[in-house]
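> Predicted model follows, preceded by the sequence.
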Amino acid sequence: MNDQSIVAKLGAALLSGDVRVVDLSGALGPDTPLLKLPPDLAVDTPKIEVHKISEYDNDGPFWAWNWLKIGEHSGTHFDAPHHWITGKDFEDGYTDKIAPQNFVGPVNVIDCSREAAEDPDFLLTADHVKAWEAEHGEIGEGEWVVMRTDWDKRAHSEAEFLNMDENGPHSPGPTVECIEYLLSKGIIGWGSQCIGTDAGSAGGMEPPFPAHNLLHKANKYGLASLANLDQLPPKGAVLIAAPLKIVNGTGSPIRALALVQ
Ligand code: 23J
Ligand code: MN
């Protein structure tokens, strides 16, 4: 056993079930919740469409296949630096140009599920993160940090997932100082279980949408609509979050996975 490489040991542990693969993606289809921006501000991403080409019929007697209409930022997805104006000048800031090493790494899971259940506008602060580190250990350079809110339990209903009222969306997320602190630790990226990486109230922050603004300014990445974070330990899992290799893509749906001992 000792002469086995780490990767060979991992392979054996996957086969034995000692390492489990947890699915961190939600379902992609016409009912997948999608971001709604204020109507005066922007055009929204279209609903996902799945169009049948054939299913063992006159259009393809032995084969079934579909074609898709889908936005880059739909469902469980990856935000690349070029998505935001602050990250526009990074040559490697597109889905097809990011080094693949950056798609796989240790993940820190900050459990805010109780706070988010009590207050859908809950904001994770730098002090919360420092308290979490005191309990679970420091967040290291190159690591992912994801905010567990169990928001995926709402994903069956776009209305519940977006949680909009006349004042706008109500969903948890990070403060400006939280993202600044995580960047000071050298994280590779930040993930949320909500529709985007920012809180519902983030349009009113300074800068607006700080997760987008600050992460992408630092050539770091975002993950949105993550599922099943309740199945992960606070530390010790490995996250795999690889976007499709879309040419000059600003993001991509992902099948996010975690390896858990
Ligand atoms: C476009 C404009 C604003 C936002 C977003 C997209 C996202 O949240 C996203 O999916 O990246 S806030
Ligand atoms: Mn996005």
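Thanks, I have the structure now. Ligands and ions are numbered 1, 2, ... in the order given.
> What residues does the stretch 151-261 of the chain have near ligand 2?
G251 (C-beta under 5 Å from the ion). C-beta here means a position set from N, CA and C on the backbone, and glycine is covered the same way.
> Give me the phi and psi angles of whatever residue of the stretch 151-261 of the chain ends up closest to ligand 2.
Here the stretch 151-261 of the chain gets closest to ligand 2 at one residue, G251, 4.7 Å apart by C-beta to the ion. Phi and psi for G251, reported as degrees, to the nearest 10, are phi 170, psi 180.
> what about it, neighbour count?
25 (other C-beta atoms under 10 Å).
> and the closest residue to it other than its chain neighbours, what does it touch?
For G251, ignoring the flanking residues on the chain, the nearest one in space by C-beta to C-beta, 6 or more residues apart in numbering is E72 at 4.3 Å. E72 makes contact with 45, 95, 246, 249-253 under the criterion C-beta atoms under 8 Å, 6 or more residues apart in numbering.
> From those residues, pick the one nearest D79.
G251 (4.9 Å; C-beta to C-beta).
> Quick check, P106 in contact with L239.
Yes. Applying C-beta atoms under 8 Å, one finds P106 in contact with L239, separated by 7.5 Å.
> Now the common contact residues for these two.
With C-beta under 8 Å, 6+ apart, P106 and L239 have common neighbours W144.
> out of the two, which sits in the busier spot?
Neighbour count, other C-beta under 10 Å: between P106 and L239, L239 has more, with 27 against 16.
> Next, count neighbours for the residue in the stretch 101-250 of the chain that ligand 1 sits nearest to.
Closest to ligand 1 within the stretch 101-250 of the chain is G196: 2.5 Å, counting by C-beta to the nearest ligand atom. Neighbours of G196 under the rule other C-beta under 10 Å: 21.
> in which helix or strand would I find it?
Assigned by DSSP states H and E, G196 falls within no helix or strand.
> And the pLDDT at the nearest residue to it once chain neighbours are set aside?
With sequence-adjacent residues excluded and distances taken as C-beta to C-beta, 6+ apart, G196 is closest to A224, at 5.0 Å. Listed pLDDT for A224 reads 99.
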